[in-house]
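Asks: Any chance you can model this:
(one chain, ligands or ions: 1)
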Amino acid sequence: MDFESLCKMLTAAESIVVFGHMNPDGDSIGATLAAGIILEKMGKRNVRLYSRDGIPDFLKFLPGAGRLLDRNAAAGAPPAQLALLVDCGGPKRIGDEFISLFNSCGKTAVIDHHATNSGFGDLNITDPDASSTCEIITLFAIESGIHIDTPLAECLYTGIMYDTGRFMHPNTSSKVFHLCAELVQHGADPGRIATEVFRNRSIAYLRLLGYALDNLKTEENGAICWTVIERRIFHKLNAKDEDSEGIVEKLGAYRGCEAHIVFGQTDDGRTRVSMRSTGRVNVGAICAKLGGGGHDFAAGLRSKDPLEVVIPRVLAETRAVIKELK
Ligand SMILES: [Mn+2]
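Replies: I've put the predicted structure just below:
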């Protein structure tokens, strides 16, 4: 990875805007805030951090969380010399509201770990083998001699912990543990961060999880399990979008599960699909085939088609892959 060119590009830019992706997760928020801290350390004064959907409550403990600007800040935002996109497989992931701001920026740098990343930046620091965007940024900080203080360590550790599924996914390499050891040494507290992210959830999250589990369906002798959380359930339980974050991870916790899926709806009426694999099924390929994207073992898609059209389509593709396993 060409960290030297990235360093030069960041140094040369007077004004920089940083974007994470919509419906942000721990890696996107951790990477965006870490980029903000690093740019501050590089002496950059004109830096704006954008997250279309703001920041979920369970990540608000992160240092600098108050700096994030959401979609309400998109209209009339002045252009910048450089747009830095983190954890985004493509430019559309930053959200439609920001596309004109993005297009008005002079240059684009991308830091990402999605295998589906097309390399759309002027400079692309991408590594599909990295567990997380925060892993890549940690390496960048170390190799560029940027001092890792506690706030920076906390942001980066949170992103790595999140995208490795608490160090449980197949992307949990020895390198991950080496880098995390470094981050813990510089002040990241694993116990506190795990508590903040995973145990300080809302009651609405638990109620949504209960609904999801109660309505669980299985296919192919349990190799596939799936559930639907309709929009009306969010209204009924007084839940926000972020309250459904992480529910899909819970579904694969039984013997014999190969792929687990949550179907939902966005507030503008589109169908949202989150898929996970326990290691043998490439759900990233399934989602890519149907117009989505993500990683081999964690992926998703959005569709304008209604649930009753999308569900059989996704299940048919998944069944076909399961049958090839046998
Ligand atoms: Mn990520």
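
Asks: show me the contacts for the residue of the chain found nearest the ion.
Replies: Among all residues of the chain, Asp27 sits closest to the ion, at 3.4 Å; criterion: Cβ to the ion. Using the backbone N, CA and C atoms, a C-beta is placed for each residue, glycine as well. By Cβ atoms under 8 Å, 6 or more residues apart in numbering, the contact set of Asp27 is Asp87, Ser132, Thr133, Cys134, Gly159, Ile160, Tyr162, Asp163.

Asks: same thing with Ser131?
Replies: His113, Ile160, Asp163, Thr164, His169, Asn171, Thr172, Ser173, Val176.

Asks: try 6 Å this time
Replies: Asp163, Thr164, Asn171, Val176 (Cβ atoms under 6 Å, 6 or more residues apart in numbering).

Asks: what about the closest residue in space to the last one that isn't next to it in sequence, distance to Ile286?
Replies: This points to Val176. Excluding the flanking residues, the one nearest Val176 by Cβ to Cβ, 6 or more residues apart in numbering is Ser131, at 5.2 Å. From Ser131 across to Ile286, the span is 21 Å (Cβ to Cβ, to the nearest Å).

Asks: can you check Gly106 too?
Replies: With distances taken as Cβ to Cβ, Gly106 is found 37 Å from Ile286.

Asks: Looking at these two, which is more packed in?
Replies: Ile286 (23 against 13; other Cβ atoms under 10 Å).

Asks: May I see the buried residues of the helix or strand hosting Val248?
Replies: In this structure, Val248 sits in helix 247-250 according to DSSP states H and E. Neighbour-count burial for helix 247-250, with 16 or more other Cβ atoms under 10 Å as criterion, is recorded at Ile247, Val248, Glu249.

Asks: Isn't Val273 up against Arg302?
Replies: No. Counting by Cβ atoms under 6 Å, Val273 stays clear of Arg302, with 7.5 Å between them.

Asks: Look at the two and report which has more neighbours.
Replies: Neighbour totals were compared for Val273 and Arg302, and Val273 leads with 25 against 17 (other Cβ under 10 Å).

Asks: residues contacting the closest residue to that one other than its chain neighbours?
Replies: What sits nearest to Val273 in space, not counting adjacent residues and going by Cβ to Cβ, 6+ apart, is Leu301, at 4.9 Å. Leu301 makes contact with Val273, Cys287, Leu290, Gly291, Gly292, according to Cβ under 6 Å, 6+ apart.

Asks: All set, thanks.
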